[in-house]
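Trainee: could you look at this predicted model? Sequence included:
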Amino acid sequence: MAEHPPYPVGLRLTGRRVVVLGGGQVAQRRLPALIAAGADIVLVSPEATPSVEAMADAGEITWERRPYEEGDLADAWYALIATSDPEANSRASAEAEANRVWCVRSDDADAATAWTPATGHSEGVTVAVLTTEARGRDPRHTAAIRDAVVEGLRDGTLVAPHHRTRTPGVALVGGGPGDPDLITVRGRRLLAEADVVIADRLGPRDLLAELPPHVHVIDAAKIPYGRFMAQEAINNALIEHAKQGKSVVRLKGGDPYVFGRGMEEVQALAEAGIPCTVVPGISSSISVPGAAGIPVTHRGVAHEFTVVSGHVAPDDERSLVDWPSLARLTGTLVILMGVDKIGKIAEALVAHGKAPDTPVALVQEGTTAAQRRVDATLATVAETVREKDVKPPAVIVIGEVVTVGPRPVE
Ligand SMILES: C[S@@+](CC[C@H](N)C(=O)[O-])C[C@H]1O[C@@H](n2cnc3c(N)ncnc32)[C@H](O)[C@@H]1O
């Protein structure tokens, strides 16, 4: 038979019976997409992997615990044949052929009547990549093409100009702790679509260098604020640019709502009638300790972690933090913006009962090339910070979790 390329098509399987033979790795990989397509899935297999079994337990598929029998494909619209028995696979694909059921075979692409493409999704579009010949099929190559297309669409390096929907108004994007790879996919896409980016000093600054030259990048710290407060001036800049019909991204370090004044900007935009999207980010409070080998919780060590702002000292009347209660907690304390006040913070914790030898770690510029970790105890931390010249930005971790990981290599 002359070899023709396959004919690509999107099957609409909602409520339609799909029969899967075999409950191994192939089924495990293919079932989630069939479930997402809303298919009425019957799995026929004496055994299944724990993940496939969980899908049956959750009612996402119907599992008949037995080997394939003639007639199983009778009412199917589509079949996936993937048992470990080649003879059963052949009988099943003969039945599929006789009943005109499109069937994929994991063990013999030549004998199959359908092939599964490598698929990926981006913003309401499914990218499906198929090899055109059964012989010489190279699934890694098709997967690599799929990855390149999906990744390109997501990060904006592959632009589909006529169909691109730009998000109007302002997007408040949490940029993560600093490593440019730690922004979310959505954040990166919005950044790629932006006309104006107003960025904080913290966060993934390297991403700004990748922006095309027409993008107007504004350093939030340099917005002149004359008779306004700095935050008010930033709010005004966001509103002004959005009113000009620009796509504005407010790029912030970590997560916008963790000591990021995100809600103040959301409120100002709402008052001005400007649409606003908030994209969460990876907060430094968890990721920076993690990057330095410190888990904020650990089984048998810490069952809670508390994130605290240390920007005002415990004896400052503006402080909203209940330091005596924090001193009584047995879990982890994570302090942001606390380098300058760490001496007073440590004193207050010890005065209210925390052991002076409680371990402390300071992680400066976490997840960046300049990351540095300095260890101390509550008794020694003030002196250590001075001696080792620890500077903001740093996350301070207080508690036994500091010592559970392998010792950091200096
Ligand atoms: C104004 S707060 C913003 C926190 C941010 N919204 C978040 O979720 O990570 C700034 C503080 O976050 C911490 N921080 C942020 N990025 C950091 C990093 N890469 N390394 C160490 N500390 C960081 C420091 O304590 C810094 O003073």
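Mentor: The structure has been received and is ready for your questions. Note that the coordinates shown come from a computational prediction; the quantities given were computed from them, not determined experimentally.
Trainee: show me where the stretch 301-410 of the chain has its helices.
Mentor: Using DSSP state H, counting those that start in this stretch, the helices of the stretch 301-410 of the chain run over 323-328, 342-351, 381-387.
Trainee: quick check: which of the ones you listed is buried the most?
Mentor: Among those, the stretch with the highest mean neighbour count (mean count of other CB atoms under 10 Å) is helix 342-351, at a mean of 20. Just so you know, the C-beta spots here come from the backbone N, C-alpha and C atoms, and that holds for glycine as well.
Trainee: ok now that one, how far from the chain's centre?
Mentor: 36 Å (CA atoms, centre = their mean, to the nearest Å).
Trainee: kindly report the residues of this protein close to the ligand.
Mentor: By the criterion of CB under 6 Å from any ligand atom, the positions of the chain lying close to the ligand are 177-178, 202, 253-255, 258-260, 283-285, 288, 336-337, 363, 365-368, 392-395.
Trainee: any chance of a PyMOL selection covering the buried ones in these?
Mentor: With 16 or more other CB atoms under 10 Å as the criterion, this PyMOL line picks the buried residues out of those:
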select buried, resi 177+178+202+253+254+255+258+259+260+283+284+285+288+336+337+363+365+366+367+368+393+394+395
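Trainee: export the helices of the stretch 301-410 of the chain as JSON lines, with columns for mean pLDDT.
Mentor: Output for the helices of the stretch 301-410 of the chain, formatted as JSON lines (pLDDT from 0 to 100):
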{"stretch": "helix 323-328", "mean pLDDT": "97"}
{"stretch": "helix 342-351", "mean pLDDT": "98"}
{"stretch": "helix 381-387", "mean pLDDT": "98"}
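Trainee: picking that back up, which of the residues of the chain next to the ligand fall in strands?
Mentor: Within these, membership in strands is found for 336, 363, 394-395, as judged by DSSP state E.
Trainee: where does the stretch 1-150 of the chain get nearest to the ligand, residue-wise?
Mentor: Nearest residue of the stretch 1-150 of the chain to the ligand: residue 123, at 25.9 Å (CB to the nearest ligand atom).
Trainee: do you have the helices of this structure handy? List them.
Mentor: Counting by DSSP state H, the chain forms helices over residues 25-36, 50-57, 86-99, 139-155, 185-193, 206-209, 230-243, 262-271, 284-291, 323-328, 342-351, 381-387, given from the N-terminal end onward.
Trainee: deepest-packed of those helices, please.
Mentor: A comparison of those by mean neighbour count, using mean count of other CB under 10 Å, puts helix 284-291 on top with a mean of 24.
Trainee: name the helices or strands packed onto that helix?
Mentor: Other helices and strands packing on helix 284-291, by 3 or more CB pairs under 8 Å, 6 or more residues apart in numbering; DSSP states H and E, are strand 332-336, strand 359-364, strand 394-398.
Trainee: point out the most buried one among these.
Mentor: Of all these, strand 394-398 carries the top mean neighbour count, a mean of 28, counting by mean count of other CB under 10 Å.
Trainee: what residue ranges in the stretch 301-410 of the chain score low on pLDDT?
Mentor: 408-410 (pLDDT under 70).
Trainee: cutoff 90 now
Mentor: Low-confidence regions of the stretch 301-410 of the chain, defined by pLDDT under 90, span residues 406-410.
Trainee: for the stretch 101-250 of the chain, same thing?
Mentor: When the per-residue scores of the stretch 101-250 of the chain are filtered using pLDDT under 90, the ranges that remain are 108-111, 121-126, 130-142, 150-168, 189, 192-193, 201-203, 205-206, 209-213, 221-230.
Trainee: how about a cut-off of 50?
Mentor: Scanning the stretch 101-250 of the chain for pLDDT under 50 picks out the ranges 162-163.
Trainee: rewinding a little: distance of the residue of the stretch 1-150 of the chain closest to the ligand from residue 292?
Mentor: Relative to residue 292, residue 123 is positioned 35 Å away (criterion: CB to CB, to the nearest Å).
Trainee: settle it for me: which of these two has more neighbours?
Mentor: More neighbours sit around residue 292 than around the other of residue 123 and residue 292, counting by other CB atoms under 10 Å; the figures are 23 against 12.
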